[in-house]
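> Pasting the sequence and the predicted model now:
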Amino acid sequence: MNLNHLNLQQREAVQNINGPMMILAGAGSGKTRTLVSRISYLLEEKNISPFQLLALTFSNKAAKEMRDRIGREVSCDVGALQITTFHAFCAKMLRTEAQYLGLSKSFTIYDGSESKAVVKTILQRRGISQKDVSPFEVLYFIEDLKNHGHYPDRNMEGKDYTVDTADMFFDMYLDYERELHKANALDFGGLITAVIQLFEKFPDVLLRYQERFHYLLVDEYQDTNRAQFDLVTKLAQIKRNICVVGDEDQSIYSWRGADIRNILDFEEVYNDARILKLEQNYRSSKNIIEAAGAVISRNTQRKGKDMWTDNPEGESIEIVECHSDKEEAEFVATQIRELSKDKHPYDEMAVFYRTNSQSRLIEDALRKANIPYRVVGGIKFYERKEIKDLLAYVRIVVNDKDSLAISRIINVPARGIGATSLRKIEDEAVKTESTMWEVLQNIVDNPEEYKHIRLTTRVKSSLSHFVQFIHDAKVAMNKGDSPSDIYEKLLHESGYYEMLRASKDYESMARIENLEELGNAISQFEEANPKLGLLEFMETITLDTSVKGEEGEEDSGEVSLMTIHGAKGLEFFYVFVTGTEENVFPSYRSLESGEEAIEEERRLFYVAMTRAMKILYITFSQGRMLFGQLKFNGPSRFISEIPNKYYRWKKIGGGYQDRSSNFDSDDDSKWDNFSDPIYDEPVYRVESSPSKKPESKYQKGLRIVHGLYGEGKILDCEGPKGDERVTIQFKDGAKKKFMAKFAPLTVL
DNA sequence: TCGACGATCGTTTTT
DNA sequence: CGATCGTCGA
């Protein structure tokens, strides 16, 4: 096998197949190429059976790419190769081993919104108002436990994680787990912890898998959480051929439980581990790589890599300062136009932002400029209400214990079964320890015995119809009707289609189209997998949330818009990083929560920078509408962390001095709302008081004039010289806070 | 049961 | 600003 296309380190990563190894693969270092070669090498040179390999990734996209590329390189049967996501791997194993854990093979997988719904019902049942305890908080607590590999009776000794069983939330967690078990369901985290449980309670099962997988590979290792680490460690225990690949500088999911310690402590866990660094970047210009390197070097939580490149120096980074968010978007559009005039195709360009809500203005500007674009991410197809509704019907048919699905659609479309009736049915289910489906069946089949559930005749007759058509669909499924036939049946007999057709508004029409699209998806699935049924279809879509795939999305001739999180793993010739302002990027939340969070934001910034191959534009705006208010946040600290020599700074429109007049002529209605920043607390606490600060020109008590508010007095001033935040009391009594260098202030 | 209306409160989201 | 949620009245 020819490995000449690889550099020295890459080759070592390929050929060093035995024992634990961690590959620290920097951005653009040819990671996928290396991994693909490694697997090919194992298969072709070392004659390892595909059956004995396991490669775990985080996204379906990554798994698919790797599989495709290996398929092209290798002649042996790739079909048996396990290259899959953590979650899909676990789901598959749990379906085969379901009986051990008292699950049925047909368990459903709950996504985040369904988990949240379960938490809500638990809170309700306990009579806790959502105002007092937000379901989100509870869910976060539960996820945190699961991220650390906890399951209800797990002994966490020696796990470096303490569980407070006295916490009221812990009780709710137990409730939650019971609820899911009753529904024959698992959430995302539960897929992982259930496998850990399986391994710990049934060592013989574990042994089977340990002996099967001779070679383990974990991609995006920096994003693993403790549970996943546990799982992999267990699997690798006997053969010890575990290769993990990651980049601590691209760890941007710690808020989702990714534990950077998995990387930082790898050598402690495997003391004979080999550590390899892939530090040559093949993607970006020298300017970009060195600038990004300078920024990330400020982080303390790293193993430390020094990326370098043989690529040419390239263009300077463009830092672009705009007046308003609108103007920023217009700049992006104009610049894209320019690039396009120079014959650069649109699909080589991407616009990044920190939060999804920022896409709106960019979209407006691009649309106005007639630039084709697509928004990557955002509202996903399978998260749309109508899709979730129909899928809830499907879920009931597949797994009638799924009471959550029943509650979701029992009155959609309206059947006159309101909250009160639903409550009665749920109560009965809890009381008799049965599922809602059983209760419904009983009410319909033995109305006499169930008279104590006081339901109106109208409700009873609706229920009867509901039970009947679900039952029919189940029968159809069992006798082998095709998934798409069953889907059509549900769509029409539920009355859902009719409900949408009846209301003729634009929105309903779009929904009908989506439901037809769902039908197509099912038909396609059916054709591709004739042996599989609705259950498997459901699993694919809950575990693969990729956006409704239009064919040929690769070279679409469109500019890509996405959050930076969504951009990880991608590359573009021309990249715009927008909204690079304090409180936006880094986000105000991270600023509030301290240095670790800021380091993660810095990694995010690093990821953004290193997506660019040729030209990197970093834009920010002096003023920005946030939560309906105009804010002056000032440029992001990350901009100041880029050494001067790598960038050119460009101001769009006028300078600071004539700002207020510019503002006035810009868009009057908008600036009418001009008001103080909402983040009144000092966000800069962290670095606000070095021992000797140079004298600020904004002293307390000083009288000033503000371009818009008029005359006032400085009440307080904090922050270093040149970067002060001043609190000013105006003549009308209003107190407002500004960043001095951006506010139109004149000292009197 | 269901809609309308006002209060509230805002990241990121591979699975 | 805008989505989401809870309350209230018909």
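Happy to help now that I have it.
> so A:Leu276 sits in a strand?
Yes. The assignment for A:Leu276 (DSSP: H, G, I helix; E, B strand; the rest coil) places it in a strand.
> does it really touch A:Met21, like I thought?
Yes. The pair A:Leu276 / A:Met21 is scored as a contact, 6.6 Å apart, by Cβ atoms under 8 Å. Glycine gets a C-beta too; all of them are placed from N, C-alpha and C.
> residue of the stretch 101-250 of chain A with the smallest distance to DNA strand C?
Residue nearest to DNA strand C within the stretch 101-250 of chain A: A:Gln130 (3.6 Å; Cβ to the nearest atom of the strand).
> ugh, typo on my part, it should be chain A
Closest point on chain A to DNA strand C, by Cβ to the nearest atom of the strand, is A:Gly628, at 2.1 Å.
> Quick one, grab the pLDDT at that residue.
pLDDT recorded at A:Gly628 is 83.
> Can you read off the backbone torsions of A:Arg384?
Per-residue torsions, A:Arg384: phi -70, psi 150 (degrees, to the nearest 10).
> what's the answer for A:Phe620, then?
phi -150, psi 160.
> and if you look at the one 4 residues further on?
When read as degrees, to the nearest 10, the backbone of A:Arg624 gives phi -150, psi 140.
> Can you name the residues bridging to it?
Counting by DSSP bridges, A:Arg624 is bridged to A:Lys631.
> Show the contacting residues for it.
Residues in contact with A:Arg624 (Cβ atoms under 8 Å, 6 or more residues apart in numbering) are A:324-325, A:579, A:581, A:584, A:630-631, A:633.
> What about those residues, which are in helices?
Mapping these onto helices (DSSP state H) picks out A:Asp325.
> between the contacts of A:Arg624, which is nearest DNA strand B?
Nearest to DNA strand B among the contacts of A:Arg624, with distances taken as Cβ to the nearest atom of the strand, is A:Val584, at 9.1 Å.
> pLDDT wise, what is A:Pro744 at?
65.
> on that earlier part again, between A:Leu276 and A:Met21, which contacts overlap?
With Cβ under 8 Å, 6+ apart, A:Leu276 and A:Met21 have common neighbours A:Ala13.
> what about these two, which has more around it?
Counting neighbours by other Cβ atoms under 10 Å for A:Leu276 and for A:Met21 shows that A:Met21 has the greater number, 23 against 18.
> DNA strand C contacts on chain A?
Residues of chain A lying near DNA strand C by Cβ under 7 Å from any atom of the strand: A:129-131, A:625, A:627-628, A:673.
> I'd like the residues you listed laid out as a markdown table, including distance to A:Val295.
Shown next, in a markdown table, are those (distance: Cβ to Cβ, whole Å):
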| residue | distance to A:Val295 |
| --- | --- |
| A:Ser129 | 45 |
| A:Gln130 | 41 |
| A:Lys131 | 41 |
| A:Met625 | 28 |
| A:Phe627 | 28 |
| A:Gly628 | 32 |
| A:Asn673 | 34 |
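> Could you list which of these belong to helices?
Counted as lying in helices by DSSP H, out of those, is not a single one.
> Just the buried ones among those residues, please.
Buried subset of these (neighbour count, 16 or more other Cβ atoms under 10 Å): empty, as none qualifies.
> re earlier: for the residue of the stretch 101-250 of chain A closest to DNA strand C, which residues are in contact?
Counting by Cβ under 8 Å, 6+ apart, A:Gln130 makes contact with A:120, A:123.
> Just the pLDDT for it.
76.
> try A:Glu553
For A:Glu553, the predicted pLDDT is 51.
> Quick one: residues contacting A:His492.
Applying Cβ under 8 Å, 6+ apart, the residues near A:His492 are A:Glu498.
> Now the phi/psi pair for A:Asp160, please.
A:Asp160 adopts backbone torsions of phi 60, psi 30, taken as degrees, to the nearest 10.
> So out of everything in chain A, what residue is nearest DNA strand B?
A:Gly418 (2.2 Å).
> what about that residue, neighbour count?
12.
> Grab the nearest non-local neighbour of it.
A:Asn411 (6.6 Å; Cβ to Cβ, 6 or more residues apart in numbering).
> likewise A:Ser29?
A:Leu278 (3.8 Å).
> how far away is A:Asn411 from A:Asp400?
18 Å (Cβ to Cβ, to the nearest Å).
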